[in-house]
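Engineer: Just a sequence and a predicted model for now, questions to come.
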Amino acid sequence: MYQVKTFNAIAQKGLEEFDDEFQINCSDDPDAYLIRSVNLLKSDFPKKLKTIVRAGAGINNIPIELVTKKGIAVFNTPGSNANAVKELIVALMIDISRNIFEAHDYSMENTKADVSQRTEKDKTKFNGKELMGKKIAVIGLGNVGSLVANAALNLGMKVIGYDPYLSSDAAWRINNKVKRVDTIYQALSEADIVTVHVPKNQETTDLISTEEIKKMKKGVILFNYSRMGIVDNYSVVKAVDEKKISHYCTDFGEPLISNRKEVTITPHIGGSTIEAESKGAIQGADTIINYLKSGDTIHCANLPNIQIPFETARRITIIHQNIPNMVGQFSTKIANLNINIENMSNAAKNLVAYTIIDVAAFNATKQKKLLESINAINGVYKVRIIKHQ
Ligand SMILES: NC(=O)C1=CN([C@@H]2O[C@H](COP(=O)(O)OP(=O)(O)OC[C@H]3O[C@@H](n4cnc5c(N)ncnc54)[C@H](O)[C@@H]3O)[C@@H](O)[C@H]2O)C=CC1
Ligand SMILES: O=C(O)C(=O)COP(=O)(O)O
């Protein structure tokens, strides 16, 4: 029986993916976590924990380096909520360009007055701008950014894209009318709207700060639906005061930017649609099932990707340091127990490596000895033996 612990609101449809081999929220020593935005940066992790799966995109709430050394595989659910974010960005671009929020407030206050007369007189206050023909810079062209870029083209906008690490999958999705540039400054300098869709990490912290804002056009509209801290809010407030930024729109509020008419804040709802939450939960549950039952790593954030057909009785999976002679030592320990290796795969990702070894059946005594001997090798983070079903 596998144990899964969930954090945050995980859609029921996802939980329904687990069959009777899985128990949900019944153990304090689970095999898997299924999470959304819960902050695990200061957490302790249960001994048996093998995987943390984030239903959604951002994994900056997980201490990747620490959990990697504990042999815990981290996954997210790429693209599951990208359409939800795209639709919200499109909605807000239109709302802001057409002064919808101010116009709505005006109309609500005006209900008791002679509405028709005042409306016709006052409506010029809410004159907006059209998006067609305007330029948008999309910073980060992954699952969200590529959809935003394509949607903007469909609205008749000119799109400039910047992403120095663009994957080939993402490149296929992007309309070839998106003009790709090599530096962030090239993207920023021409744009009427700038939107940022990158993961939060050391490199992207303060990606948009004073120097970047200086390069933007006067009156630019700026979106941050990625994470708090990717856009430096101190620089934004200054630029709003100087009318350099005409509007800032973000999913990540804090007092510094609150109560300003030039700032629109939503409460981290970019991915909060029924469809996206279901999709993320289903993808997340399937990822847990697949990893626990096969050890395969597909789109893993902290381990190399290995996917091999599981055709033997037992599979040994080992997460370990990426140092010389590890595989040699594993083979020797396995051979010493007179177990024959039928299939083996090893790959590395930065400082960590992952080895999958498929073998024939062995008894419980050999299993105990095998686990002990491999665990005793210096540099081994986690060993599992998976029984073929
Ligand atoms: N507000 C919300 O509810 C949501 C927020 N997000 C946030 O948006 C981020 C992006 O989501 P996805 O597009 O699904 O992720 P993704 O991983 O598909 O795309 C991220 C893209 O950013 C690019 N990138 C990385 N560093 C960069 C840099 N320094 N400059 C330019 N591009 C860079 C990558 O090459 C990749 O193409 C997530 O990491 C998460 O923090 C995502 C979904 C919902
Ligand atoms: O997927 C992401 O990165 C998000 O920010 C969405 O977060 P949530 O799952 O709504 O807490």
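Structural biologist: Happy to help now that I have it. Ligands and ions are numbered 1, 2, ... in the order given.
Engineer: The single nearest residue of the chain relative to ligand 1 - nearest residue in space that isn't next to it in sequence?
Structural biologist: Nearest residue of the chain to ligand 1 (CB to the nearest ligand atom) works out as Gly142 at 1.8 Å. Every residue, glycine included, has its C-beta placed from N, CA and C. Of all residues beyond its chain neighbours, the one nearest Gly142 is Ala170 (5.4 Å), with distances taken as CB to CB, 6 or more residues apart in numbering.
Engineer: One more: Phe101?
Structural biologist: The shortest distance from Phe101 to any non-neighbouring residue, by CB to CB, 6+ apart, is to Asp95 (6.3 Å).
Engineer: Backbone torsions only: list them for the one you found.
Structural biologist: For Asp95, the backbone dihedrals (degrees, to the nearest 10) come out as phi -50, psi -50.
Engineer: So stretch 84-103, near ligand 1 or not?
Structural biologist: Yes - using CB under 6 Å from any ligand atom, stretch 84-103 reaches ligand 1 at Val85.
Engineer: Give me the contacts around stretch 82-89.
Structural biologist: Around stretch 82-89, the neighbours that count as contacts under CB atoms under 8 Å, 6 or more residues apart in numbering are 57, 143-144, 147-148, 151, 195, 197, 223, 225, 266, 269-273, 275-276.
Engineer: same question, stretch 285-300
Structural biologist: In this structure, residues lying in contact with stretch 285-300 by CB under 8 Å, 6+ apart are 2, 4, 14-15, 17-18, 22, 31-32, 34, 50-51, 53, 73-78, 303-308, 310, 315, 317, 354, 356, 384, 386, 389.
Engineer: Tell me which residues of that stretch come out buried.
Structural biologist: Within stretch 285-300, the residues scored as buried using 16 or more other CB atoms under 10 Å are 285, 287-297, 300.
Engineer: before we move on, what about stretch 342-357?
Structural biologist: Applying a neighbour-count criterion of 16+ other CB under 10 Å, one finds 344, 346, 348-349, 352-357 buried in stretch 342-357.
Engineer: do the same with stretch 9-29
Structural biologist: Neighbour-count burial for stretch 9-29, counted by 16+ other CB under 10 Å, picks out 10-11, 14-15, 17-18, 22, 24.
Engineer: Kindly reformat the residues you listed as TSV containing distance to ligand 1.
Structural biologist: Putting the buried residues of stretch 9-29 into TSV (distance: CB to the nearest ligand atom, whole Å) gives the following:
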residue	distance to ligand 1
Ile10	15
Ala11	15
Gly14	16
Leu15	21
Glu17	21
Phe18	24
Phe22	26
Ile24	24
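Engineer: quick one: which two of those are the most distant?
Structural biologist: Ala11 and Phe22 (16.1 Å; CB to CB).
Engineer: how about the strands in the stretch 151-300 of the chain?
Structural biologist: If you assign secondary structure with DSSP state E, counting those that start in this stretch, the strands in the stretch 151-300 of the chain sit at 158-162, 179-180, 193-196, 220-224, 245-250, 263-265.
Engineer: Export the ones you listed to JSON lines and append columns for distance to Thr124 and mean neighbour count.
Structural biologist: What follows is the strands of the stretch 151-300 of the chain, written out as JSON lines (distance: least, CB to CB, whole Å; neighbours: other CB atoms under 10 Å):
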{"stretch": "strand 158-162", "distance to Thr124": "28", "mean neighbour count": "23"}
{"stretch": "strand 179-180", "distance to Thr124": "35", "mean neighbour count": "17"}
{"stretch": "strand 193-196", "distance to Thr124": "24", "mean neighbour count": "26"}
{"stretch": "strand 220-224", "distance to Thr124": "21", "mean neighbour count": "25"}
{"stretch": "strand 245-250", "distance to Thr124": "18", "mean neighbour count": "22"}
{"stretch": "strand 263-265", "distance to Thr124": "22", "mean neighbour count": "18"}
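Engineer: okay, these in a markdown table with mean pLDDT and distance to Ser331 next?
Structural biologist: As requested, the strands of the stretch 151-300 of the chain are arranged in a markdown table below (pLDDT from 0 to 100; distance: least, CB to CB, whole Å):
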| stretch | mean pLDDT | distance to Ser331 |
| --- | --- | --- |
| strand 158-162 | 98 | 46 |
| strand 179-180 | 96 | 46 |
| strand 193-196 | 98 | 47 |
| strand 220-224 | 98 | 50 |
| strand 245-250 | 98 | 53 |
| strand 263-265 | 98 | 57 |
